[in-house]
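**Q** Pasting the sequence and the predicted coordinates here, then a few questions.
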Amino acid sequence: MTNKKEISAAIIIIGNEVLSGRTKDLNTSTLATWLNSLGISVGEARVIPDVEKTIIDTVHELRVKYNYVFTTGGIGPTHDDITAESISKAFNIEYGFHKEAFAILEKYYEPGNFNDGRQKMAKMPVTANLILNPTSGAPGFYVENVFSLPGVPSILKAMIGGLGNVLVGGDPILSKTINLMTYESEIASSLTNVQDNNKDVEIGSYPFFRQGKLGVSIVLRSKDQDKINLCNSLILDFVKAKNIKIVELE
């Protein structure tokens, strides 16, 4: 196992529609899972409104605290999509038509269909690097360590694959899940004992409800597979002693 530097990231979900409950946030899970696979741990995720000062202040705070910051939402064609302009101001870079982005979108749309709203999607920090969009044409962008992606989950998911060569990751964060038909209170003491003796493994327990019965998913996370295996064995020992049923979840 290599001892790579710890690499961390933060996620900023931007959008009044998420805060109001009209739109469900799926992007945090998508980004966190992808970043973990690259060996980049997510230190925090925030949901903030479409307010320029809030976006600027949050970007300023997190970009010095983490190696990478990912924003989602607010780079579309409507009047309330203000992320690109806000990030331009955060970095003191001119906000305007990005020549490469404009050319991509002009080519993407049929003649006569590249209207003012669609042209707005080519406006961003003029010196930003582009994140290509294989789904709907409109690119995202990044400036230094801040990456701006769209809010539509399917489009975001299609775009992040192209960033694998841009990011510098650490050792991949591995995980193992054990699903038990039991209550958290029944395993709390035993699980705490395993955690106390294995500080290099993050152990979480998460209740679930299946076929009218409560269960608990135990998730083990570490960069060292051997340590996960050890904790898995210790947990299975007390699960067997307590005669707790292990189940597979769909």
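**A** In hand now; what should we look at? Numbering: from 1, shown residues only.

**Q** Next, the contact list for residue 102, please.
**A** By C-beta atoms under 8 Å, 6 or more residues apart in numbering, residue 102 lies in contact with 119, 122. Yep, even glycine has a C-beta here, placed from its N, CA and C like the rest.

**Q** now it: how far from residue 116?
**A** Counting by C-beta to C-beta, to the nearest Å, the separation of residue 102 from residue 116 is 13 Å.

**Q** shaky segments in this protein?
**A** In the predicted model of the chain, residues 1-5, 249-250 satisfy pLDDT under 70.

**Q** all strands for it, in order.
**A** For the chain, applying DSSP state E gives strands covering 7-14, 40-48, 68-72, 95-97, 123-125, 129-131, 140-143, 146-149, 174-181, 202-210, 213-222, 245-247.

**Q** And the longest one, what's buried?
**A** Of the residues in strand 213-222, those buried by neighbour count under the rule 16 or more other C-beta atoms under 10 Å are 215, 216, 218, 220, 221, 222.

**Q** looking at it, the fifth one is touching residue 174, isn't it?
**A** Going back to what we said before, that points to residue 221. Yes. Using C-beta atoms under 8 Å, residue 221 is in contact with residue 174, at 7.0 Å.

**Q** Just confirm residue 242 contacts residue 191, I think it does.
**A** No. Taking contacts as C-beta under 8 Å, residue 242 lies outside contact range of residue 191: 11.3 Å.

**Q** Looking at these two, which has the bigger crowd around it?
**A** Ranked by neighbour count (other C-beta atoms under 10 Å), residue 242 and residue 191 place residue 191 first, with 20 against 12.

**Q** what separates the residue positioned nearest the centre of the chain from residue 179, distance-wise?
**A** Relative to the mean C-alpha position of the chain, the nearest C-alpha, by C-alpha atoms, centre = their mean, is the one of residue 31, at 2.4 Å. Residue 31 is 25 Å from residue 179, where distance means C-beta to C-beta.

**Q** Then residue 133?
**A** For residue 133, the distance to residue 179 - C-beta to C-beta - is 37 Å.

**Q** what sits in contact with each of residue 221 and residue 174?
**A** Common neighbours of residue 221 and residue 174 (C-beta under 8 Å, 6+ apart) are residue 228.

**Q** can you pull out the helices in the chain?
**A** 16-19, 27-37, 52-65, 83-90, 99-108, 116-120, 153-160, 184-196, 225-241 (DSSP state H).

**Q** Can you say which of the ones you listed is nearest to residue 72?
**A** helix 27-37 (4.6 Å; C-beta to C-beta).

**Q** hmm, who's touching that closest one?
**A** 9, 11, 13, 41-42, 45, 68, 70, 72-73, 149, 151, 153, 156-157, 160, 169, 172-173, 175.

**Q** for residue 143, which residues make a bridge with it?
**A** residue 146 (DSSP bridges).

**Q** what does residue 47 give?
**A** Here residue 47, judged by DSSP bridges, has bridge partners residue 13.

**Q** Check residue 174 too.
**A** residue 222.

**Q** How about the contacts made by it?
**A** 221, 222, 223, 224, 225, 228 are the contacts of residue 174 under C-beta under 8 Å, 6+ apart.

**Q** Excluding residues flanking it in the chain, which one is nearest residue 83?
**A** residue 74 (3.1 Å; C-beta to C-beta, 6 or more residues apart in numbering).

**Q** Look at that neighbour and say how many residues are nearby.
**A** The burial count for residue 74: 26, using other C-beta under 10 Å.

**Q** Please apply the same query to residue 190.
**A** With other C-beta under 10 Å as criterion, residue 190 counts 17.

**Q** from what I can see it touches residue 238, true?
**A** Yes. With contact defined as C-beta under 8 Å, residue 190 reaches residue 238; the gap is 4.2 Å.

**Q** is it true that residue 159 touches residue 130?
**A** No. Using C-beta under 8 Å, residue 159 makes no contact with residue 130, being 10.3 Å away.
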